[in-house]
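Novice: Next come a sequence and a model predicted from it.
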Amino acid sequence: MTATQTATQTVEIKGNPARQGAERPAAAAPFVGRSMPRVEDAALLTGGARYADDLPVKPGTLHAAILRSPHAHAELLGIDTAAALAVPGVAAVVTGADAKRHASAFLVGIRAPMEHWCLAIDRVRHVGEPVAVVLADSRYLAEDALDRIEVRYRPLPPVTSIAQALEEGSEPLHPAVGSNLVNSRSFRYGDPEAAFAGAARTVSVEVEYPRNSCTPMECFVVLADYDAAEDAYEVLSNFSGPFAVHPVMARALNVPGSRLRLKTPPHSGGSFGNKQAVFPYVVLVGLCARVAGRPVKWVEDRLEHLMAATSATARRMRIDAAVEPDGRVLALRMEQTEDCGAYLRAPEPASLYRNHGNLTGAYDIPNLALTNRIVVTNKTPTGLNRGFGGGQLYYGLERLMNRVAAELGLDPLDVIRRNLVAADAMPYRTASGGTLDSGDYRATLEQAVREGALDALKARRDALRAEGRLYGIGYAAVVEPSISNMGYITTVLTAEERRKAGPKNGAQATASVAVDPTGGVSVTVASAPQGQGHRTVLAQVVADVFGLRFEDIRVNTDLDTGKDAWSIASGNYSSRFAGAVAGAAQVAATRLRGRMAALVAGQLNCRAEDVRFAGGRVFADANPDNGLSFSRVAAAGHWSPGTLPDGQEAALRETAFWTPEPLKAPTDADHINSSACYGFIFDFCGVEIDRTTGALRIDRYVTMHDAGRLLNPLLVEGQILGGFAHAVGTALYEEYAYGDDGRFLSGTFADYLVPTACEVPVPVILHRESPSPVTPLGAKGVGEGNCMSTPVCLANAVADALSGLSVDEPPSLPITPAKLAALIHPPEPPRPAPAAGTNEIAREIPPPAAVKGGRGMSGEGSREVPATPDQVWAILLDPKELAALLPGCEALDLVGPNAYRAEVVVGIGPVRGRYTAEVALSDLDPPKALTLTGSGTSALGSGSGTGHVTLERTAEGTRVTYRYSASVGGKVAAVGGRMLDSASRLLIGQFFEKLVARAGGPGASDAQPARPPSLLARLLRLLGLTR
Amino acid sequence: MPPLTSPQTPPVLAGETRHAVSIVLNGKPRTGHAHPRLLLSDFLRHELGAHGTRVGCEHGVCGACTVRIDGVAARACLTLAVQADGRRIDTVEGLAEANQGRMTALQEAFRRHHALQCGFCTAGILMSLTDYLGRNPKPTEEELRDMLSGHLCRCTGYAGIVRAVMEITGQTVEEVAHV
């Protein structure tokens, strides 16, 4: 930024600069600030792009398939790999024992004795945790062999919610820690106690934020090779950074960083933070290559990704606000409890601390008391995810501001206005130490109200409400942090602990600019782009510096830690590209230009500072006609270094390391400026809820951004549209759902609902530009903001729409039609009691224990069997007969009195698996009643169930009445959940069909006539749909 | 789409054997070998080296792997390679090839309207659209969005895709619905 710009200078943008699409390249005007078409697109559109899975592999490369835990929490008692190793094409099976031999546990970001390994050692802590890896000639063969590995587990009580993790008696995931509350810190800024004591009233809100994830379309890929002679690993992976995780990986592989050469592919199929979480697999696949002595490739499949890759944190938040009658907030008291899943995986607990400097959002709230707690649960470990901690924070904060308005009877927009940081306070230091760098929040808000036509929206709401429709308007104001301070995570440590560990701060960005012997310019950066268009923007920036054409600049974004300039802050996260990386490229190019100017000044008879670069030429400002071509000047250092002015180095390559000046380590009082820049977003929206179905429709969405200087408006718009779409998913559709026993329930894109083109409306996007005084180009990040503002803006609109129904809080995210319908409609009356005359015994059977969690099943029914109770009893108690009755039973061995081990093959939807099941008969009351229990495990998951069976003599034979409850975990539950109920009815139907047949008659309870039942009737009966 | 099964009973293929599979890939005859269980997506990518077709979920929901089989858009991840024997398969690599080496109007419009970011879903969307627009050359926005709902894109929010298609079909997108 130039010296004449000030922190409060803002530029109102009229119209939408991106609306017209990409510009045609033209040489005259600067490229920065224009909607240049992307240089990336030609390869992506024609199929020529090279993603990680497209790159060639060395001959002899093995393919990995990973065996994963079906249990949320269990001791790992033993693994038998012999049968898997015998499968043709299998080269090796790698287990936790190999990890212990050749690797180490990952470093953990807090001081607590908890270990996380790339393979489970003696305990599994979430469904999907890697337990063993098969390495084979093809992925198909490797997956075949997974079924042959036998693992013995002893299930432990699972911890599946924040509330449960906080309970005294909850089973500790990490026994050495002793508690599932693994960290707690309290902070105090200003004088919150006095503010609460003196305030007119206190307004409180309590919210929970669910688990979800941005699920990039490309899953994880790792190609690893181990060089025994050098004791060095070479890995290619679509890892996105932060490269602060590189030392974590190297250490886990027991090598110095220089012996873990990590490369990234030319193209990556999206990340949104998620591809940070490939890092444990970099270590795992590296370990595999070492064990096998051959290169190993692993490509994650979608089930693996959804089940076990990563997740945003779930957060429980309570905020109290000390408020004045006019809505002014004097102080906040916050309690945040973060669910980081089974392990605190680097860089966690960053989700909780990323926003530490901007906990008070866009508001001037000088007093803050805060307690941050971190719990572990038997769920997938968490990690980077677009919005990273911001969606969670602002969900609480902006619900609170909305509640302040509701409780004080004020307009929510007025409460926001009253509390916004004033323009003349910029740069504004927040209570917790952040420095809001630039912006005029109030003017920005008013611009949005005006250009977004809020008045018309209010009139529309009033008109629709007058028709009796449920319509609401919501608001949200947030600051969007970008360019994370590498030191913010250490705020989780005490000042004393930080002193011992040494200070951490800054955010090193790197860029190299070089000229080649033909005068071409190339740029290399360590920004690991995942589709944003970094190459395009860097070409714009560098072309401007050298006065060249856009197409003259070649940008290379592949990263090779063995050769390229990088640092721990490198990578693609915290919206750091526009501010930090594009800035570093400008710094490097400007330095190189300065060196070229110094070399050529003598020839041009002018001072170095008077040398100009424009139109592909280099000339003296005073005498533009007397110039040289750029390529000639640039190439001179290669071809004729002997003619350089004395004592001067050739200007061939410049590498800049740039770190934002304001990013310091946390102070002893725990003040931390957690990010270099803070953009401002103000959103409002109108939603309508269908009174009958609860379906929600986003009627209008206006999103106003001040992201500093816009380097390429088309790409900025793309970031906003993409972030908005993710936020719509978070708010309305997506959740990583688990059963109460920790089973994972959303293992396909038919279960984890990603919004499609029918669900994502096009928002109105408005801009204002307040250049950041911190970054070289004045740009701030823009990629994550809507993931922070939009979920709560929609929730506030829902609250407004439901305001007539006296609902205090809108439903928790995702706000599904079912949840809304439950609020709109009174509860349904209980099911009527069975009519008199129905089976007495059926009522005597105890109802099955409530099946917890969404993939539990229960059911009941009865059948008439043409045999006496004694005959039926004899069939049930005879192992041979029982084997014939159990669907899919291939072998049944007696292992004790009325206890059997069964080999059962069951298919549910797309998944078919061989289970070894323990079956037992108990509560025997011959010939009246018995209980059948079974549990089984396989590579596909685990299942267990209980059935109560009673026999009653009737005129025609015996009425067999049953009630059952069952639960299924692992892969079957994750991908086949939608089919489980009908499948279980089908299986039970088969059981009774066979029993009827065994007992010697075709008749079912309806006393079928002799003619064969119609196909429809048979199908219905199989599905248990007839009585 | 026409049924993939031939009118006559398909031959019984030995599971442990790789069978020759011959297709016409983007107008050129290609032959590779496949076990009966090999997916068409894996066959294209790893047997024939045609990497333009992407794999995003392998359960038929995301649409990234969509190719045209005898002209009709189909999921390559839900098709076995041996089913494609003797068929014409068109993939994203063939679009520009069939257009004298230049990107098609649809591809160009995708670029102008920033209808792609990471590009991983793009090949499948282009193949679906190429088939769809041939049958419905001027879809309404609602029809278009309905068709696009067979594809998942995590980067763009679909706005640029819709805008690109509306432009090449000679239509405009209303800037803002409703108000």
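Specialist: Sure thing, it's come through.
Novice: can you tell me which helix in chain A is longest?
Specialist: Assignment by DSSP state H gives helix A:971-998 as the longest helix of chain A.
Novice: measure residue A:240 to residue A:384 for me?
Specialist: According to Cβ to Cβ, to the nearest Å, residue A:240 stands 8 Å off from residue A:384. (Glycine included, C-beta is placed from N, CA and C.)
Novice: same deal with residue A:111?
Specialist: Taken as Cβ to Cβ, the span from residue A:111 to residue A:384 is 22 Å.
Novice: Buried residues of stretch A:599-608, list them for me.
Specialist: A:599-601, A:603-604, A:606 (16 or more other Cβ atoms under 10 Å in any protein chain shown).
Novice: Just give me the closest of the residues you listed to chain B.
Specialist: Nearest to chain B out of the buried residues of stretch A:599-608 is residue A:600 (Cβ to the nearest Cβ; 37.4 Å).
Novice: Setting aside sequence neighbours, what's the nearest residue to residue B:103?
Specialist: residue B:96 (5.1 Å; Cβ to Cβ, 6 or more residues apart in numbering or on different chains).
Novice: Quick check: end-to-end length of stretch A:424-438?
Specialist: End-to-end distance for stretch A:424-438, by Cα to Cα, to the nearest Å: 10 Å.
Novice: That one: how far from the chain's middle?
Specialist: Mean-position distance between stretch A:424-438 and its chain equals 29 Å (Cα atoms, centre = their mean, to the nearest Å).
Novice: residues of that stretch that come out buried?
Specialist: So, applying 16+ other Cβ under 10 Å, buried residues of stretch A:424-438: A:426-428, A:430-438.
Novice: what's the closest residue to chain A within chain B in contact with, if anything?
Specialist: Nearest to chain A in chain B, going by Cβ to the nearest Cβ, is residue B:52, at a distance of 2.3 Å. Contact analysis of residue B:52 by Cβ atoms under 8 Å, 6 or more residues apart in numbering or on different chains lists A:46-49, B:91-93, B:123.
Novice: can we see that at 6 Å?
Specialist: Residues near residue B:52 by Cβ atoms under 6 Å, 6 or more residues apart in numbering or on different chains: A:47, B:91-93, B:123.
Novice: Tell me if residue A:373 really is in a strand.
Specialist: Yes. In this structure, residue A:373 lies within a strand as judged by DSSP: H, G, I helix; E, B strand; the rest coil.
Novice: Which strands or helices does the longest helix along chain B pack on?
Specialist: In terms of residue count, the longest helix belonging to chain B (DSSP H) is helix B:122-135. For helix B:122-135, the contact count by 3 or more Cβ pairs under 6 Å, 6 or more residues apart in numbering or on different chains; DSSP states H and E identifies strand B:66-69, strand B:72-75 as packing neighbours.
Novice: Show me the domain layout of the chain.
Specialist: All of this is about chain A. Following automatic domain parsing, chain A resolves into domains at A:10-49+A:437-485+A:675-736+A:748-828, A:55-169+A:220-302, A:508-658, A:840-1022.
Novice: right idea, wrong chain: chain B
Specialist: The record's domain split for chain B, according to automatic domain parsing, is B:19-93, B:96-168.
Novice: pLDDT (mean, whole number) over the following helix or strand past the longest helix of chain B?
Specialist: For helix B:122-135, the following helix or strand on the C-terminal side (DSSP states H and E) is helix B:141-148. Taken as a whole, helix B:141-148 carries a mean pLDDT of 97.
Novice: Report the next helix or strand after helix B:141-148 in sequence order.
Specialist: helix B:159-168.
Novice: what's the spacing between the residue of chain B closest to chain A and residue B:89?
Specialist: For residue B:52 relative to residue B:89 (Cβ to Cβ), the value is 12 Å.
Novice: How about the residue of the stretch 1-150 of chain A found nearest chain B, nearest residue that isn't a chain neighbour?
Specialist: Chain B sits closest to residue A:47 of the stretch 1-150 of chain A, with a gap of 2.3 Å, by Cβ to the nearest Cβ. Distance criterion Cβ to Cβ, 6+ apart; nearest residue to residue A:47, sequence neighbours excluded, is residue B:52 at 2.3 Å.
Novice: for residue A:247, same thing?
Specialist: residue A:257 (5.6 Å).
Novice: cool, and residue B:109?
Specialist: residue B:164 (3.8 Å).
Novice: what does stretch A:320-330 contact?
Specialist: A:195-196, A:199-204, A:331-333, A:365, A:400, A:404, A:408, A:410, A:415, A:418-419.
Novice: quick one: buried residues of that stretch?
Specialist: So stretch A:320-330, judged by 16+ other Cβ under 10 Å, has buried residues A:320-323, A:327-330.
Novice: same for the helix or strand encompassing residue A:368, what does it pack against?
Specialist: Assessed by DSSP H and E, residue A:368 sits inside strand A:367-375. Contact partners of strand A:367-375 among helices and strands, from 3+ Cβ pairs under 6 Å, 6+ apart: strand A:181-189, helix A:192-198, strand A:329-339.
Novice: Run the angle between the first one and strand A:367-375 for me.
Specialist: Computed with axes from the mean of the first three to the mean of the last three Cα atoms, to 10 degrees, the direction of strand A:181-189 lies at 170 degrees from that of strand A:367-375.
Novice: Can I get strand A:181-189 in CSV? Just the C-alpha atoms.
Specialist: C-alpha atoms of strand A:181-189 as CSV (Å, rounded to 0.1, in the frame of the first residue of the first chain):
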residue,chain,number,x,y,z
LEU,A,181,-11.6,-32.7,29.6
VAL,A,182,-8.0,-32.4,28.4
ASN,A,183,-7.4,-28.7,28.6
SER,A,184,-9.1,-25.7,30.2
ARG,A,185,-7.9,-22.1,30.3
SER,A,186,-9.6,-19.0,31.6
PHE,A,187,-8.9,-15.5,30.3
ARG,A,188,-9.9,-12.1,31.6
TYR,A,189,-9.6,-8.8,29.6
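Novice: mind listing what's buried in stretch A:800-810?
Specialist: A:800-802, A:809-810.
Novice: End to end on that stretch, go ahead and measure it.
Specialist: End-to-end distance (Cα to Cα), stretch A:800-810: 9 Å.
Novice: how far does it sit from the chain's center?
Specialist: On the basis of Cα atoms, centre = their mean, stretch A:800-810 is displaced by 30 Å from the centre of the chain it belongs to.
Novice: now do stretch A:435-445
Specialist: Using Cα atoms, centre = their mean, the offset of stretch A:435-445 from its chain centre is 29 Å.
Novice: Can you give me the buried ones in stretch A:204-211?
Specialist: A:205, A:207-211.
Novice: Assign a three-state SS to the residue lying closest to residue A:556 once chain neighbours are set aside, would you?
Specialist: In space, and not counting its chain neighbours, residue A:556 is closest to residue A:524: 4.8 Å by Cβ to Cβ, 6+ apart. Put simply, residue A:524 is strand when judged by three-state DSSP.
Novice: what about residue A:524, neighbour count?
Specialist: Residues near residue A:524, counting by other Cβ atoms under 10 Å in any protein chain shown, number 25.
Novice: Hmm, it is touching residue A:512, no?
Specialist: Yes. At 4.7 Å, residue A:524 and residue A:512 qualify as touching, with contact defined as Cβ atoms under 6 Å.
Novice: Which residue ranges of the stretch 201-350 of chain A form strands?
Specialist: A:201-209, A:221-227, A:232-237, A:260-263, A:296-299, A:314-323, A:329-339 (DSSP state E, counting those that start in this stretch).
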